[in-house]
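Visitor: Pasting the sequence and the predicted model now:
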Amino acid sequence: MGKVINLIKNKNNEPVYIWLGCTTRYNFKDTIQFIKSIFDRLNIAYQILDETKNKYICCASTLWGIGLKEYAENNRSKVEKILKSEVNNTGQIISPCPGCAGTFKREYSFLTEPRHIVEFLFDNLEIVYRNLHIYNYTFWQKL
C-alpha cells in the first residue's frame with residue numbers, strides 16, 4: 001500500500017481496509033470495480049481483504065440472522081484470523097455490504113469502528129470534493 005491521505009475520521013494516516021463481503025463478490029461484481037475506481041480517483045490507499053485468497057470467507061451476517069450461532073462463531077474465528085494477520089487492529093475497516101458493516105459493528109471488536117463505505121465517504125466529503133474538483137460544497141458542510 002502507498003501513502004494514505006490524511007482522512008478526517010482517520011487522522012493517524014491509518015490504512016483503509018475494504019471487506020467486500022460475499023454478496024458483493026458474487027452478485028455485484030461491477031461494484032468492486034466502481035469501488036476501486038473511486039478510491040483510486042480519490043487517491044486513498046486501500047487494501048481489499050477478501051478479493052482473492054480469502055474470497056470464500058463470509059462475515060456470518062446471515063448465519064447469525066437465521067439463528068445458526070455455532071456456524072456463525074466458526075466463521076467469525078476465520079474472519080478474525082484474517083483480520084489479525086492482515087490488519088493487526090490498525091486502520092479503518094469499511095465494507096460496501098450493509099450486512100457485513102452491521103455485523104462487524106455488532107459481533108466483532110475493533111480498535112476503530114467499522115464503517116459502511118457510504119458512511120466513510122460521507123465522513124470524508126471534504127477530501128471527496130477536493131479530489132474530484134468540486135469546489136462548492138458549503139451545503140454539505142451544514143449537515
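Guide: Sure thing, it's come through.
Visitor: Nearest the geometric middle of the protein, what residue?
Guide: I94 (1.5 Å; CA atoms, centre = their mean).
Visitor: The biggest helix by length in the chain: what's the following helix or strand?
Guide: Identified as the longest helix of the chain according to DSSP state H is helix 69-86. The first helix or strand that comes after helix 69-86 along the chain, using DSSP states H and E, is strand 92-95.
Visitor: what angle do whichever helix or strand comes after that next one and helix 69-86 make?
Guide: Counting by DSSP H and E, the next helix or strand C-terminal to strand 92-95 is helix 98-107. Orientation check (axes from the mean of the first three to the mean of the last three CA atoms, to 10 degrees): helix 98-107 against helix 69-86 gives 90 degrees.
Visitor: List the buried residues in helix 98-107.
Guide: G99, C100, A101, G102, T103, F104, E107 (16 or more other CB atoms under 10 Å). In this view, the C-beta of every residue, glycine as well, is placed from N, C-alpha and C.
Visitor: quick check, nearest of these to K84?
Guide: Within these, the smallest distance to K84 is 14.0 Å, found for F104 (CB to CB).
Visitor: Helices of this protein, start to end?
Guide: For the chain, the helices defined by DSSP H occupy 22-27, 29-41, 61-65, 69-86, 98-107, 117-123, 125-131, 138-141.
Visitor: Nice, that's everything, thank you.
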